[in-house]
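*Asks:* got a predicted structure plus its sequence, pasted below:
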Amino acid sequence: MKFPDQRSFIISALLGLIAFFIAHTMSAALQTQFALVVAISTLLGGIITSYFSATSFESATDETIKTKTIYVGNLPYRANESVVRSLFEEQGTVVNVRLLKDKNTGKRRGFGFVEMAEADAEKAIAALNDKEFQQRTLKVREAKQKPEDSEDE
């Protein structure tokens, strides 16, 4: 089960506070019944929210949108995922942006990968390869598949 996103958490917390203040004004007998109803509905609401948020997005991504991964090189070290996402969203649907960092220093390495709708990927490559971006000339091409480790038996 996935954890709910930040928005769901805030809404749940606000509803919990409202329930607390309502219960505070009730008699002791009603508070016990109210607390039980709130606890059960919160549990069910969390399960339902987690189920729909996990399945609806994943199935939409997996089934309806075919994607292609694009390599983006010569990125400025100060560029972050949101800036790169915005740049590529001008060309089409962006599913994911991954900028690689050095394991030891945590600094960006100047390249990354953008996963886009397959229909928009070629357009993005043509439009952004050799384009000036934050005083750097981008290198954009289709990413090569990482070779899978083969086990010798």
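*Replies:* That came in fine, so what should we check first? Residues are numbered from 1 along each chain as shown.

*Asks:* where does this protein have low pLDDT?
*Replies:* In the prediction, the chain carries residues with pLDDT under 70 at positions 1-9, 17, 23-24, 31, 38-39, 42-63, 147-153.

*Asks:* tell me where it has strands.
*Replies:* When secondary structure is read from DSSP state E, the chain shows strands at 67-73, 94-101, 108-117, 132-133, 136-137, 139-142.

*Asks:* verify the stated contact: A124 with T93.
*Replies:* No. Judged on Cβ atoms under 8 Å, A124 makes no contact with T93 at a distance of 10.0 Å. Just so you know, the C-beta spots here come from the backbone N, C-alpha and C atoms, and that holds for glycine as well.

*Asks:* quick one, which of those two is more surrounded?
*Replies:* Per other Cβ atoms under 10 Å, whichever of A124 and T93 has more neighbours is A124, with 24 against 16.

*Asks:* quick one, what contacts the more buried one?
*Replies:* Neighbour list for A124: I70, F88, Q91, G92, V114, M116, V140 [criterion: Cβ atoms under 8 Å, 6 or more residues apart in numbering].

*Asks:* what's the farthest-apart pair in these?
*Replies:* Based on Cβ to Cβ, the longest span within these runs between G92 and V140 and measures 13.1 Å.

*Asks:* neighbour-wise, which of these two wins?
*Replies:* Each of G92 and V140 has its neighbours counted (other Cβ under 10 Å); V140 has more, 23 against 16.

*Asks:* just give me the residue closest to the centre of the chain.
*Replies:* Among the residues of the chain, the one closest to the centroid is N96, at 7.0 Å (Cα atoms, centre = their mean).

*Asks:* please consider this matter closed, and thank you.
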